[in-house]
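Enquirer: For reference, the sequence and a predicted model appear below.
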Amino acid sequence: MRYVNALPAAVRPPGRVGAPPFADVVAEHLDAVYRYLVYLTGDRAAAEDLAAETFERAFRSWRRFDPRRGAPRTWLCRIAHSAAVDWFRAEARRQRREETYTREEALLEESVFAEGLSPELDRALRRLTPAEREVVALRVLLELDGPSAARVLGISATACSTRLSRALKRLEEEMSDVRS
């Protein structure tokens, strides 16, 4: 693409006139986009995930970016905003699911996770959020691989892996609290 600007205007690909290399745009704007997402979400972990999603979306649509229509930072912030809106909607759905599960859980008195679990592990599993229990169930109990569990959850494989890691860490903390 570095020879594009040497071509006559009539034969240049649309949207590529003066566009910097994508890697340069990432290097220049990654921190700003991340800070913007931290401000929007108030959650650094979510902002990291959303920044990655923003730059993935930007990379996929980079060939359509036209620097004559706006600055790269503005374009990236629009993509980040869209990703954040999607995240907020997903969070609202997750919270509604958790409230539903919490109401249903109050009705359940017996162990529902698996036969043969220790009472301590059963109580620790009950203390996880529904989203954490769901990813543990898919990955550990049902033994689904990461991409399959991610498809079931409707999230990326990276987000699924992160959620599982956090859930297992929290489960470990809950178990250590029970033992103490």
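Expert: Perfect, thanks for sending it. None of the values given here were measured: they were computed from a predicted structure. Numbers count the residues shown, from 1 in each chain.

Enquirer: secondary structure element for the closest residue to residue 124 other than its chain neighbours?
Expert: Excluding its sequence neighbours, the residue lying closest to residue 124 (Cβ to Cβ, 6 or more residues apart in numbering) is residue 174, at 3.8 Å. Glycine gets a C-beta too; all of them are placed from N, C-alpha and C. Residue 174 is part of helix 157-179, with elements assigned from DSSP states H and E.

Enquirer: Now do that helix: everything it contacts.
Expert: Outside helix 157-179, the residues that touch it by Cβ atoms under 8 Å, 6 or more residues apart in numbering are 45, 49, 52, 120-121, 123-125, 127-128, 131-133, 135-136, 139, 146-147, 149-150, 153, 155.

Enquirer: Just the buried ones among these, please.
Expert: 49, 52, 121, 124-125, 128, 131-133, 135-136, 139, 146, 149-150, 153, 155 (16 or more other Cβ atoms under 10 Å).

Enquirer: Low-confidence stretches in the protein?
Expert: 1-18, 102-116, 178-180 (pLDDT under 70).

Enquirer: Determine the longest helix present in it.
Expert: helix 72-107 (DSSP state H).

Enquirer: Centre of the chain to that helix, how far?
Expert: 10 Å (Cα atoms, centre = their mean, to the nearest Å).

Enquirer: Output the contacting helices and strands for that helix.
Expert: Secondary-structure packing of helix 72-107 (3 or more Cβ pairs under 8 Å, 6 or more residues apart in numbering; DSSP states H and E): helix 22-41, helix 44-60, helix 130-136.
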